[in-house]
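Need the 3D shape of this:
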Amino acid sequence: MNQPKMSKYRWTICSLLFFATTINYLDRQVLSLTWKDYLVPEFHWTDSDYGTITALFSIFYAASMLLAGRFVDWMDTKKGFLWAIGIWSVGACLHAYCGVASSGLITGQWLVGFRGAKEALATVDNAGLILSTSVTLFIFARFVLALGEAGNFPAAIKATAEYFPKKDRALATSIFNAGATVGALAAPLTIPFIAKAYGWEMSFLIIGALGFIWMGFWIFVYNKPEQHPKVNQAELTYIQQDHLESTAMDGATATVKKLSFADCFKYKQTWAFAFGKFMTDGVWWFFLFWFPAYLKDIYKMSSTESAIPLFLLYMITLLSIIGGWLPTYFVEKKGLDPYAGRMKAMLIFAFFPLLALLAQPLGHISYWFPVIIIGIAGAAHQSWSANIFSTVGDMFPKQAIATVIGIGGMAGGVGSFIINKGSGVLFTHADETKMMFMGFEGKEAGYFIVFSICAVCYLIGWFVMKSLVPKYSLINPNNS
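Below is the predicted model:
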């Protein structure tokens, strides 16, 4: 009798995770693509002010990751993800009303609409008051956005661990993680043109509303594989192969002891993951938040003029899909264990960001050189990111995955705070003092310094991770 063909519902779940991550990064990008052209004239921001907003977003995100990981483990995947995307979509929409709120707080005119708020603020002589009020309101909106967005990766990694065996998790993670690239790719082709046609406020509202649409799909599509009618027995057996193999080896089905939040810090695996995130998350966020400003400052491009260069940059980052395939090749063809395969792949990816050392020098020939180089560095980051996330699923029990992801996310957020705030201060200082460094002057010198720091972060992160966890070591809380 023929065996029934294995269903493939796990890839439907993976596609939903992909779209959630796409929306996540679209919401995150609206500010970076509108602030230079629209918010600076209206609110009198400097690079340092923008750096403060993005840096505090990183800190809010970092702190929220600790809570989000534990929250998702507590609420479980379906409800946890719904809460996360609901909160961040509200936060995304709140940005649109920061101008109206600024007008209300400063002039007392609240019910004026978007255009009325602009006109009211234009009559205020105190630019410093407008600046400080608007920055404070945007920081609050970023706080709500960060609180929700922090839940995306813990929930997505947890869902991946539920629907994919270990050997496929890096591929699944690289696919949904490519949503970050697609979101960043779609952003310059949509957001500047929405802002130009309908106002910067509508770009926040329209993009923010996408999350509410996704929630409707998630409610009806997601359930655990063992409970889902569209997952047949053949697919369920495939998904649970690691559990079945370990049960067969142990000869028992003992309940795995739960890891407390404090327990997670006892393992070198947690510290290795956290350090890798600390060293590298800020690099990606710097490219994401500052590269549109880089094209504006160095090459005098408006947000609409930079759409094609940014589109090409993020098209190149789609090469990160190789990040999921390469460790699978090492595991299946070379016989390495999943952790060894991932670390070998991550070492390869760690060398590509070194090209960022050449971005600014070659930028004097053409702006296409830094665009292409940062695109390659971005692809390397996303490949690295897919694999570093998967190391957690490889070594920790499922009920602790989101918590450990949250700890690593917190560390990544701290690293992002340092690079975003530091960059804003550096660029303002370099511009005001016409600072000279390695033959570059002003903001060019500032960007060269930050690009150089970004170039070496991955190799440093890899060597420390490898030192802490030199080989595959499965966490078994029952033996602790």
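
Point out where the stretch 301-450 of the chain drops to low pLDDT.
Flagging of the stretch 301-450 of the chain using pLDDT under 70 yields the residue ranges 323-324.

Which residue ranges of it form helices?
307-317, 322-332, 338-351, 359-363, 368-395, 398-433, 443-468 (DSSP state H, counting those that start in this stretch).

if you compare those, which one is most tucked away?
helix 368-395 (a mean of 25; mean count of other Cβ atoms under 10 Å). Just so you know, the C-beta spots here come from the backbone N, C-alpha and C atoms, and that holds for glycine as well.

Also compute the angle for that one relative to helix 443-468, please.
Helix 368-395 and helix 443-468 are oriented at 20 degrees to each other (axes from the mean of the first three to the mean of the last three Cα atoms, to 10 degrees).

wouldn't Ile460 be in contact with Met279 here?
Yes. Under the criterion of Cβ atoms under 8 Å, Ile460 makes contact with Met279 at 5.7 Å.

so how far is stretch 264-276 off the chain centroid?
Mean C-alpha position of stretch 264-276 versus that of the full chain (Cα atoms, centre = their mean, to the nearest Å) differs by 20 Å.

I'd like the average pLDDT over that stretch.
Confidence over stretch 264-276 (mean pLDDT, whole number) is 91.

So what touches it?
For stretch 264-276, the external contacting residues (Cβ atoms under 8 Å, 6 or more residues apart in numbering) are 388, 391-392, 395-396, 400, 403-404, 407-408, 410-411, 461-462, 464-465, 468-469, 473, 475, 480.

nearest residue to Ile207 other than its sequence neighbours?
Excluding the flanking residues, the one nearest Ile207 by Cβ to Cβ, 6 or more residues apart in numbering is Leu26, at 5.1 Å.

Okay, the one you found and Pro188: tell me how far apart.
As judged by Cβ to Cβ, to the nearest Å, Leu26 and Pro188 stand 11 Å apart.

Doesn't Lys230 lie inside a helix?
No. Lys230: not assigned to a helix; according to DSSP: H, G, I helix; E, B strand; the rest coil it is coil.

Now it: phi and psi?
Note on Lys230: its backbone torsions stand at phi -90, psi 0 [degrees, to the nearest 10].

repeat for the one 3 residues further on
Summarising the backbone geometry of Gln233 under the convention degrees, to the nearest 10, its torsions are phi -60, psi -40.

so how far is Met395 from Ile175?
Distance from Ile175 to Met395, by Cβ to Cβ: 21 Å.

now do Leu205
Between Leu205 and Met395 the computed distance is 42 Å (Cβ to Cβ).

And for Ser48?
Using Cβ to Cβ, we find Ser48 at a distance of 41 Å from Met395.

Would you reformat the helices of the stretch 301-450 of the chain as a markdown table and include distance to Ala155?
A markdown table is the format used below for those (distance: least, Cβ to Cβ, whole Å):
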| stretch | distance to Ala155 |
| --- | --- |
| helix 307-317 | 23 |
| helix 322-332 | 19 |
| helix 338-351 | 21 |
| helix 359-363 | 34 |
| helix 368-395 | 12 |
| helix 398-433 | 7 |
| helix 443-468 | 24 |
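
helix or strand for the residue nearest to Ile207, which one?
Element membership for Leu26 (DSSP states H and E) is helix 9-34.

Give the buried residues for that helix.
For helix 9-34, burial by neighbour count (16 or more other Cβ atoms under 10 Å) applies to 9-10, 12-14, 16-34.

so what does that helix touch, helix or strand wise?
Helix 9-34 is packed against helix 47-75, helix 77-94, helix 127-149, helix 152-163, helix 166-198, helix 200-221, helix 233-239, helix 268-299, with contacts defined by 3 or more Cβ pairs under 8 Å, 6 or more residues apart in numbering; DSSP states H and E.

wait, which of those is closest to Lys5?
Lys5 lies closest to helix 233-239 among the helices and strands packed on helix 9-34, at 7.2 Å (Cβ to Cβ).

So the residue nearest to Ile207 is in contact with Ala180, correct?
No. With contact defined as Cβ under 8 Å, Leu26 does not reach Ala180; the gap is 9.9 Å.

how about low-confidence regions in the stretch 51-200 of the chain?
In the predicted model, the stretch 51-200 of the chain carries no residue with pLDDT under 70.

rerun at 90
By pLDDT under 90, the weakly predicted segments of the stretch 51-200 of the chain are 58-59, 61-78, 107-113, 125, 150-155, 157-158, 161-186, 188-189.

Ser103 belongs to a helix, doesn't it?
Yes. According to three-state DSSP, Ser103 belongs to a helix.

can you count the residues close to the closest residue to it other than its chain neighbours?
Nearest residue to Ser103, sequence neighbours excluded (Cβ to Cβ, 6+ apart): Ala117, at 3.9 Å. Ala117 is flanked by 24 other residues according to other Cβ atoms under 10 Å.

packing partners for whichever strand or helix holds Ala117?
Using DSSP H and E, the element containing Ala117 is helix 113-122. Contacts defined by 3+ Cβ pairs under 8 Å, 6+ apart place helix 113-122 against helix 40-43, helix 98-107.

rerun that using 7 Å as the cut-off
Secondary-structure packing of helix 113-122 (3 or more Cβ pairs under 7 Å, 6 or more residues apart in numbering; DSSP states H and E): helix 98-107.

So which elements touch the helix it packs on?
So helix 98-107, by 3+ Cβ pairs under 7 Å, 6+ apart, packs with helix 113-122, helix 127-149.

same thing but at 8 Å, please
Judged by 3+ Cβ pairs under 8 Å, 6+ apart, the packing partners of helix 98-107 are helix 40-43, helix 113-122, helix 127-149.

what's next to the first one, contact-wise?
I take that to be helix 40-43. 99, 102, 118, 121, 130-131, 134-135.

which one of the residues you listed has the most neighbours?
Within the contacts of helix 40-43, most neighbours by other Cβ under 10 Å means Gly99, with 29 neighbours.
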